[in-house]
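Asker: Need coordinates for the following:
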Amino acid sequence: MYGQQLGTQLGVPTANLWLPQNKLPIAGVYIVEVEAEGETYGGIANMGTRPTVDGQNPVLEVHILGFSGNLYGKKIKVEFLKKVREEKKFNGLDELKEQIYKIFQFMNNNVQVGLFSAT
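Answerer: Numbers count the residues shown, from 1 in each chain. Purely as a prediction, here's the structure:
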């Protein structure tokens, strides 16, 4: 689905998937493994309502590390490996971007890239 393109504006494009229910089984920010177009990638996902941008409906947003293709209308598989933190509201897009890059650093320190096994 087409989102607001905020991830692209922040330098971290995401695949966005609307969720059909209002009560999510899980919520927060996760390190994930993603299967897309026959390849496996590491990634970071947010499952929730995106409070920093006044989101109303639950959505799964996934930034796929090292992927630069177009996934609109295509299926992907997302496996949740490790919860990083709860979803939270930041004071603006600059603070959100800073937090996203902190998660990248966390991922680099806590995930064996290539194996995608969380420590």
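
Asker: can we go C-alpha only for contacts and neighbour counts from here?
Answerer: Will do.

Asker: State the pLDDT value of E33.
Answerer: E33 carries a pLDDT score of 92 in this model.

Asker: actually E95, not the one I wrote
Answerer: 92.

Asker: and what of the one 3 residues further on?
Answerer: E98 is assigned a pLDDT of 89 by the prediction.

Asker: And it, which helix or strand is it part of?
Answerer: helix 93-110 (DSSP states H and E).

Asker: same check, this time on V62
Answerer: Going by DSSP H and E, V62 is part of strand 59-64.

Asker: That strand vs helix 93-110, what angle?
Answerer: Here strand 59-64 runs at an angle of 60 degrees relative to helix 93-110 (axes from the mean of the first three to the mean of the last three C-alpha atoms, to 10 degrees).

Asker: Okay, now the sheet partners of strand 59-64, with direction.
Answerer: strand 15-18 (antiparallel), strand 39-48 (antiparallel) (DSSP bridges).

Asker: tell me the most buried of those?
Answerer: Scoring the strands paired with strand 59-64 by mean neighbour count under mean count of other C-alpha atoms under 10 Å gives strand 39-48 as the most buried, with a mean of 22.

Asker: what's in contact with that strand?
Answerer: Under the criterion C-alpha atoms under 8 Å, 6 or more residues apart in numbering, residues 24, 26-35, 57-67, 87, 103-104, 113-114, 116 lie in contact with strand 39-48.
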